[in-house]
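Student: have a look at this fold, sequence not included:
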């Protein structure tokens, strides 16, 4: 376990109480366990009805700053994508920092992806039609897994879905533009402190934004969704431009009036209940409209490259 200060420990305790609420609501996914180098990892699998075999698969990685979060957070998103596109979605419960700092989450994501790819009949998937995607910290994981698989050549991804990804741990949180309603710099600093050592923050597998054009060239097609009320907006746009410069097919969509996490928050019963406690702070219909549009664009990308 990585040592963190008392204030961070208190914040972490409060955040993880949020996770407990998700364990108390009904979900659409079925719990499974997948072997990895560190033992079995829990995941939720979504299969369209009626079930079929040899379906495309999207691996989904939830957000939470690498320190909290569960696959249950993404239940509505994963169920919608699975049913609308007729594909399998596997949402991975990767290990969290500071108990399991970098690169534990990446190892879990990488191992789960390779195991399912190597055992397609067990999960009803087509091993030649695989995509990765995630939200916030989970989008960082997706971007890095795409890089790792490009290097190892163990499988070829069809595309990567990067939903308001955290891509730059090298730049101090205090130096990033933080609009009102965005992630406060002290919170970003806590995520970084829990996840990795200071000397690791410029590592390309921590901060994909530091990748050279050679490291980006040949990556799978990408869609990047960003939010205007988010300290990650600039790095998301910069990464999209870098991918384009490296001749990677990329689409970038910025929702200027949306806040970080909007695609998941908009349809989460837990998060909507918390928003209602603070009336007037969030325009829920507008958030849901933006989220629906973003999810439809994600679905369009998956349809283009997986189906």
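Tutor: Right, received. Where do you want to start? Just so it is clear, the structure is predicted and the values come from calculations on it, not from any experiment. Numbering: from 1, shown residues only.

Student: mind jotting down where the strands sit in the stretch 151-300 of the chain?
Tutor: Assigned by DSSP state E, counting those that start in this stretch, the strands in the stretch 151-300 of the chain fall at 159-163, 222-229, 250-259.

Student: can you tell which of those strands is closest to residue 7?
Tutor: Residue 7 sits nearest to strand 250-259 of all the strands of the stretch 151-300 of the chain, at 24.2 Å, using C-beta to C-beta. C-betas here are computed from N, CA, C, even on glycine.

Student: in this protein, which helix or strand is least confident?
Tutor: helix 269-277 (a mean of 68; mean pLDDT, DSSP states H and E).

Student: can you pull out the helices in the stretch 1-150 of the chain?
Tutor: Along the stretch 1-150 of the chain, counting by DSSP state H, counting those that start in this stretch, helices occupy 6-22, 75-85, 104-118, 120-123, 137-152.

Student: so which bits of the fourth one are buried?
Tutor: By that I understand helix 120-123. 120, 123 (16 or more other C-beta atoms under 10 Å).

Student: try the third one
Tutor: By 16+ other C-beta under 10 Å, the buried positions in helix 104-118 come out as 104-117.

Student: just checking, what packs against it?
Tutor: strand 30-36, strand 39-46, strand 55-61, strand 88-92, strand 125-135, helix 137-152 (3 or more C-beta pairs under 8 Å, 6 or more residues apart in numbering; DSSP states H and E).

Student: ok now that helix, how far from the chain's centre?
Tutor: In this view, helix 104-118 has its centroid 14 Å away from the chain centroid, taken as C-alpha atoms, centre = their mean, to the nearest Å.

Student: what do you get for the last one?
Tutor: Computed by C-alpha atoms, centre = their mean, the separation of helix 137-152 from the middle of its chain amounts to 11 Å.

Student: quick one, that helix and helix 104-118 angle?
Tutor: 60 degrees (axes from the mean of the first three to the mean of the last three C-alpha atoms, to 10 degrees).

Student: same check on the longest one?
Tutor: Using the same axes, to 10 degrees, the direction of helix 6-22 lies 30 degrees away from that of helix 104-118.

Student: how about residues contacting helix 6-22?
Tutor: Here helix 6-22 makes contact (C-beta atoms under 8 Å, 6 or more residues apart in numbering) with 4, 64, 67-70, 72-73, 98, 187, 190, 193-194, 270.

Student: out of the residues you listed, the closest to residue 287 would be?
Tutor: Using C-beta to C-beta, the contacts of helix 6-22 come closest to residue 287 at residue 270, 14.9 Å.

Student: what about that closest one, distance to residue 72?
Tutor: As defined by C-beta to C-beta, to the nearest Å, residue 270 lies at a distance of 9 Å from residue 72.

Student: out of those two, which sits in the busier spot?
Tutor: Just comparing residue 270 and residue 72: by other C-beta atoms under 10 Å the higher neighbour count belongs to residue 72, 25 against 16.

Student: the more buried one contacts residue 27, correct?
Tutor: Yes: counting by C-beta atoms under 8 Å, residue 72 does reach residue 27; the two are 5.5 Å apart.

Student: shared neighbours of these two, anything?
Tutor: With C-beta under 8 Å, 6+ apart, residue 72 and residue 27 have common neighbours residue 44.

Student: related to what we said a few turns ago, could the helices of the stretch 1-150 of the chain be laid out in CSV, adding distance to residue 300?
Tutor: Formatted as CSV, the helices of the stretch 1-150 of the chain follow (distance: least, C-beta to C-beta, whole Å):
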stretch, distance to residue 300
helix 6-22, 28
helix 75-85, 10
helix 104-118, 23
helix 120-123, 25
helix 137-152, 18
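
Student: worst mean pLDDT among these?
Tutor: Across the helices of the stretch 1-150 of the chain, helix 6-22 has the smallest mean pLDDT, namely a mean of 90.

Student: where does the prediction get shaky in the chain?
Tutor: Scanning the chain for pLDDT under 70 picks out 274-281.

Student: quick one, what contacts the closest residue to residue 63 other than its chain neighbours?
Tutor: Sequence neighbours aside, residue 136 is the residue nearest to residue 63 in space, at 3.2 Å (criterion: C-beta to C-beta, 6 or more residues apart in numbering). Applying C-beta under 8 Å, 6+ apart to residue 136 gives the contacts 63-65, 163-166, 232, 260-261.

Student: neighbours of residue 213, just the number please.
Tutor: 12.
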